[in-house]
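Asker: I would like to see how this sequence folds:
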Amino acid sequence: MNNQMQVSILASSSQGNCLLVKTPQQQILIDAGLSGKKIKNLLASIGQDITQINALLVTHEHSDHVRGVGILARRYGLDIYANHKTWQAMAPKIGEIAPAQCHDFAANTTMNLGGVDIESFSVSHDAADPQFYNVHYGGKSFVDLTDTGYVSEKMKYIIRNADGILMECNHDLQMLRQGRYPWSLKQRIISDEGHLSNIDGAQALCDIIGNRTKQVFLGHLSPENNLKKLAHQTVATTLTQNDLGVDHDFYLHDTDPQKATPLITI
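Answerer: Residues are numbered from 1 along each chain as shown. Predicted structure coming up:
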């Protein structure tokens, strides 16, 4: 029991993102794209106390990832970690934070936080210097990967065979093409610096899932251009067609913009 890492996806969508990684020594948030009050309530809904959070890792400066960063830092004294360009880009959005709480976490490096090894890796997204995280603890690993236009071979190498994966399934291509977004926004979403579609996420998972992988979460769904059922069906069908044992060798979980997943052991 003392060697376990647990994860809850507190919220995941293009409206706001935040997840919790918990070990016996550390409780770490990745992103805070909702209000501080909402994040506190989401943590409480799974029996967790926001005052026990030790650190907050930021992936990039977009509002759906940083909305609550400033208030959480000021109200709860959290240490905040982001790379230099992200700090610069998010500064106008998060307000003043005490210098002692601001930490530089360069892309493509590994940092140890209280016995938890966190590996940052660059992604392709229209932000200053976006990076996501592969969290290692107790011989297990959990990957957070959303907000990328494609999954490169380098990314796949870093995250292949992770025990747990949060994978972006932002949009269904047909819904996006037929939807009300202006063409310029549609182009941005489907570009190499945009977001993964359901089929993109599924195909990436086909290359990433290994014998160790037991928990897969589908995240960052667009409320305008996707449906939970559609994302789940697309991914499950694609994985099954590639001889991957959905809900047998590993479990496929949906995430929600408003409701936290239970704490799941990785």
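Asker: make it CA atoms for all contacts and neighbour counts henceforth
Answerer: OK.
Asker: Residue 185 belongs to a strand?
Answerer: No: Residue 185 sits outside any strand when classified using DSSP: H, G, I helix; E, B strand; the rest coil, being helix.
Asker: what about it, neighbour count?
Answerer: 12 (other CA atoms under 10 Å).
Asker: Quick check: it vs residue 59, distance?
Answerer: As judged by CA to CA, to the nearest Å, residue 185 and residue 59 stand 22 Å apart.
Asker: Check residue 206 too.
Answerer: To residue 59, residue 206 is 24 Å away according to CA to CA.
Asker: who's more crowded, the two?
Answerer: Set residue 206 next to residue 59 and count neighbours by other CA under 10 Å: residue 59 wins out with 30 against 19.
Asker: pretty sure the more buried one is in a helix, no?
Answerer: No: counting by three-state DSSP, residue 59 is not found in a helix; it is coil.
Asker: That one reaches residue 132, doesn't it?
Answerer: Yes: Residue 59 lies in contact with residue 132 (CA atoms under 8 Å); the separation is 5.4 Å.
Asker: Now do the helices in the stretch 101-250 of the chain.
Answerer: Ranges of helices in the stretch 101-250 of the chain, per DSSP state H, counting those that start in this stretch, are 153-159, 173-178, 183-190, 198-208, 228-241.
Asker: any chance of the ones you listed in a markdown table, with mean pLDDT too?
Answerer: A markdown table is the format used below for those (pLDDT from 0 to 100):
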| stretch | mean pLDDT |
| --- | --- |
| helix 153-159 | 97 |
| helix 173-178 | 97 |
| helix 183-190 | 97 |
| helix 198-208 | 98 |
| helix 228-241 | 98 |
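Asker: Can you say which of the ones you listed is packed in most?
Answerer: Mean neighbour count (mean count of other CA atoms under 10 Å) peaks for helix 198-208 among these, with a mean of 21.
Asker: export that helix as CSV, just CAs?
Answerer: Only the C-alpha atoms of helix 198-208 are listed here, as CSV (Å, rounded to 0.1, in the frame of the first residue of the first chain):
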residue,chain,number,x,y,z
ASN,A,198,-10.7,10.9,-31.4
ILE,A,199,-9.0,8.8,-34.2
ASP,A,200,-5.7,10.6,-33.6
GLY,A,201,-5.8,9.7,-29.9
ALA,A,202,-6.8,6.2,-30.7
GLN,A,203,-4.0,5.6,-33.2
ALA,A,204,-1.4,7.1,-30.8
LEU,A,205,-2.7,4.7,-28.1
CYS,A,206,-2.2,1.8,-30.4
ASP,A,207,1.5,2.7,-30.5
ILE,A,208,1.8,3.5,-26.8
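Asker: distance between that helix and the chain's centre?
Answerer: 16 Å (CA atoms, centre = their mean, to the nearest Å).
Asker: What of stretch 3-22?
Answerer: Counting by CA atoms, centre = their mean, stretch 3-22 is centred 7 Å from the centre of its parent chain.
Asker: Tell me which residues are up against that stretch.
Answerer: For stretch 3-22, the external contacting residues (CA atoms under 8 Å, 6 or more residues apart in numbering) are 23-24, 27-34, 39, 42-43, 63-65, 137-138, 140, 170, 219-223, 255-266.
Asker: Pull out the buried residues from those residues.
Answerer: The neighbour count (16 or more other CA atoms under 10 Å) marks 23, 27-34, 39, 42-43, 63-65, 137, 140, 170, 219-222, 255-261, 263, 265-266 as buried among these.
Asker: Among the contacts of stretch 3-22, which lie within helices?
Answerer: The helices, defined by DSSP state H, take in 39, 42, 43, 63, 64, 65 from the contacts of stretch 3-22.
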